[in-house]
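Chemist: requesting a structural model of the entry that follows:
(2 chains)
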Amino acid sequence: MANVHIDNVRKSFGQTAILHGVSVDIADGEFVVLVGPSGCGKSTLLRMIAGLENITAGEISIGGRVVNNVPPKDRDIAMVFQNYALYPHMTVRDNMAFSMKLAKAPAEVIEAEVSRAARILGLGALLDRYPRQLSGGQRQRVAMGRAIVRNPQVFLFDEPLSNLDAKLRVQVRAEIKELHQRLRTTTIYVTHDQIEAMTMADRIVVMQGGHVEQIGAPLELYDRPANIFVAGFIGSPAMNLLPGRLHNGAFHADPDTGAVPEGAAPAGGDGVLWPLPPGGRPAEGQKVTYGFRPEHLRLVSDGIPATIQLIEPTGSETQVVAQAGGRVISGAFRERIAAKVGETIHVLPDPSLAHLFDGGSGQRISA
Amino acid sequence: MSVSTERHVTWRRPEVAPSLLARLFDSKPFLIAICLLPAVGLLLVFLTYPLGLGIWLAFTDTHVGRGGYFVGFENFESLWYDRVFWGAVFYTVFYTGVATVLKFGLGLWLALLLNENLPFKSLLRAIILLPWIVPTVLSAIAFWWMYDAQFSIISYVLVDVLGWRETYIDFLGTPWHARWSLIAANVWRGIPFVAISLLAGLQTISPSLYEAALLDGASSWQRFTRITAPLLMPILAVVLTFSVLFTFTDFQLVYAITRGGPINSTHLMATLAFQRGIPGGQLGEGAAIAVSMIPFLILATMFSYFALARRKWQQGGDDE
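Modeler: Numbers count the residues shown, from 1 in each chain, chains lettered A, B, ... in the order given. As a prediction, the model looks like this:
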């Protein structure tokens, strides 16, 4: 097991820069998820750690050893690929034993390691099958088995669940997390699915456009997103983000984002006041983005009137899309909503759980 | 009571009895029959009939201009004691064997090269295909010229440019020189087919398998022997069978360059069959030589049949 140190790593393909200086410190035994929209460079970063892509600038070290020029097989890592990359002409047993056979390990050691991995993953009955004869979930587990057999210092996962159906994804997700708790091997896991990131990670690295947007524990990212991107990316359904201005100690959603006339009514044209979160107040009239999560919207009798456009009951909660103060907002309510589409409910976001971001930079205004 | 200006009109699609033709084309057996007819007709006229006639002729003493009589195995008996025929059998097998080994060795090497990230990749691939696109007779004439006893460019380079030899090589004048020269020409012509087919096979192998093998610690030679070779085997078997069949039945190159000479040393079974049957007029004997190729061809087809049988790892569910 080892820590992984990524220091100001850059990557460009020809003239195109993919990563613009990424630094992440991963502690020994930690489960870190790299998450971001497609094209954000998360897979490239993972492949650079694996040694499948070379490093344009910066430094990657594993267990205190700089690996920039170390070939992949000597980095003491194991990787699970998105398409599993199982050798189709080898049985499950041979797939798992391949690396040890290449290293000319004694037959009894290979046998012992393969059966250990098979026991951990419950693959015992499948050892003599070929990959084609396995289901998607079984293939996924064989790919993990191939990684476990090598006893690596670091596990790398490249979107390992994206080829599985929704139900299996939840199951394998739990298996991977449980496996990590058992083996305690440093794990770096790439996904574009923020729910996977939230449920599995010790820490999440949110990336966008080759930059790290925020690094933090899942709930830290959820509670205190550092900027608008993270706020919108983490959480489902996504956070409501309303651009506007501050006026008289309240937030005023400002559809045309034009100037608020001096001394105008606090809520301007739409007459809606959004309560501000406690803490430091930005200057009067400053352009800000006001954010609140759908699940932090409350039904309050003297709240903001909202006309329902869409109701989606999921059983455990009811998701509502409504028009409030000229803005479309979404809410998720634990209680059942009796109102119908077109009717008006009164809602108010919990001010202590609302967020304010700078209108220009998109950075969080500390609250 | 409100008055509606719209009047509700009911209209139903009238039931029309389908015509005889429509019913006929709706009948599956009729459709199957009519769709199969052209293919079956073509096969009967252009495949079954000539093959049947060839086999029939092999058992007759037909000459050009004279209908023959059934003579049983007489043609084959005389071939059994015919040293020229056995020479042709030997050279056909030798030609096929050596040319196939060379074509596959060089073709696989080229395919592996072209599968790498080379500059001008598509241009290179197009150039590689050229020998295969040029009509055989045209390239045969070019080779004939290159192999000429007096004007050969190869001799010129070896003797006059490099000074490695004292005398010009008589490529087509002595039996073994001629045999190897023809094999070289056939290999030149056959490589593109092998290279492009194997390249197609190589491209079906997922790059992530190589990456996984790289992480598993496989050297480039091990990646070739443990990943590329086994995964290429199914398509290799197909290409090998086709290549063997094409080479075994080759005619054009040999007939255009040497016509079987010198002293019948470069006759293939196909050229000998033509020589005896058409210019020689002995249609029955020519047909018998051609029919003698059938066992060899069946052998090659059997090989492909068993090699093509899906391997165990190819069975079961689909990929991904």
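
Chemist: make it CA atoms for all contacts and neighbour counts henceforth
Modeler: Fine.

Chemist: near chain B, which residues of chain A? Just list them.
Modeler: Contact residues, chain A versus chain B (CA under 8 Å from any CA of the partner chain): A:50, A:52, A:72-74, A:77-79, A:81, A:83, A:85-91, A:98-99, A:102-103, A:130-134, A:136, A:163.

Chemist: need the contact list for residue A:81.
Modeler: A:143, A:157, A:158, A:159, A:160, B:208 (CA atoms under 8 Å, 6 or more residues apart in numbering or on different chains).

Chemist: is the last one in a helix, a strand, or coil?
Modeler: In this case it means residue B:208. Of the three states, residue B:208 takes helix under DSSP: H, G, I helix; E, B strand; the rest coil.

Chemist: let's verify the nearest residue to it once chain neighbours are set aside: helix, strand, or coil?
Modeler: In space, and not counting its chain neighbours, residue B:208 is closest to residue A:85: 5.6 Å by CA to CA, 6 or more residues apart in numbering or on different chains. Put simply, residue A:85 is coil when judged by three-state DSSP.

Chemist: nearest to residue B:7 among the contacts of residue A:81?
Modeler: Set against residue B:7, the nearest of the contacts of residue A:81 by CA to CA is residue A:159 (60.8 Å).

Chemist: in contact with the closest one, which residues?
Modeler: Residue A:159 neighbours (CA under 8 Å, 6+ apart): A:81, A:82, A:189, A:190, A:191, A:192.

Chemist: what separates it from residue A:147, distance-wise?
Modeler: Distance of residue A:159 to residue A:147, computed by CA to CA, to the nearest Å: 15 Å.

Chemist: what is the neighbour count of the nearest residue to residue B:129 once chain neighbours are set aside?
Modeler: Among residues not flanking residue B:129 along the chain, residue B:192 sits closest, at 5.1 Å (CA to CA, 6+ apart). For residue B:192, the neighbour count with other CA atoms under 10 Å in any protein chain shown is 25.

Chemist: likewise for the one 5 residues further on?
Modeler: By other CA under 10 Å, 18 other residues sit near residue B:197.

Chemist: wait, isn't it in contact with residue B:238?
Modeler: No. Residue B:197 lies out of contact with residue B:238 (CA atoms under 8 Å); the separation is 9.5 Å.

Chemist: below-threshold pLDDT in chain B: ranges please.
Modeler: B:1-6, B:308-312, B:315-320 (pLDDT under 70).

Chemist: at 80 what do you get?
Modeler: B:1-8, B:117-118, B:261, B:303-320 (pLDDT under 80).

Chemist: centroid-nearest residue for it?
Modeler: Residue closest to the average C-alpha location in chain B (CA atoms, centre = their mean): residue B:246, at 3.5 Å.

Chemist: what residues does the helix or strand hosting it touch?
Modeler: Residue B:246 belongs to helix B:229-248 when assigned by DSSP states H and E. By CA under 8 Å, 6+ apart, the residues outside helix B:229-248 that reach it are A:89, B:92-93, B:95-96, B:99-100, B:104, B:186, B:190, B:194, B:197-198, B:201-202, B:205, B:297, B:300-301, B:303-304, B:307-308, B:310.

Chemist: give the bridge partners for residue A:274, please.
Modeler: Beta-bridge partners for residue A:274, by DSSP bridges, are residue A:251.

Chemist: so it makes contact with residue A:250?
Modeler: Yes. Using CA under 8 Å, residue A:274 makes contact with residue A:250 at a distance of 5.9 Å.

Chemist: of the two, who's got more company?
Modeler: Using other CA under 10 Å, the more surrounded residue of residue A:274 and residue A:250 is residue A:274, with 21 against 17.
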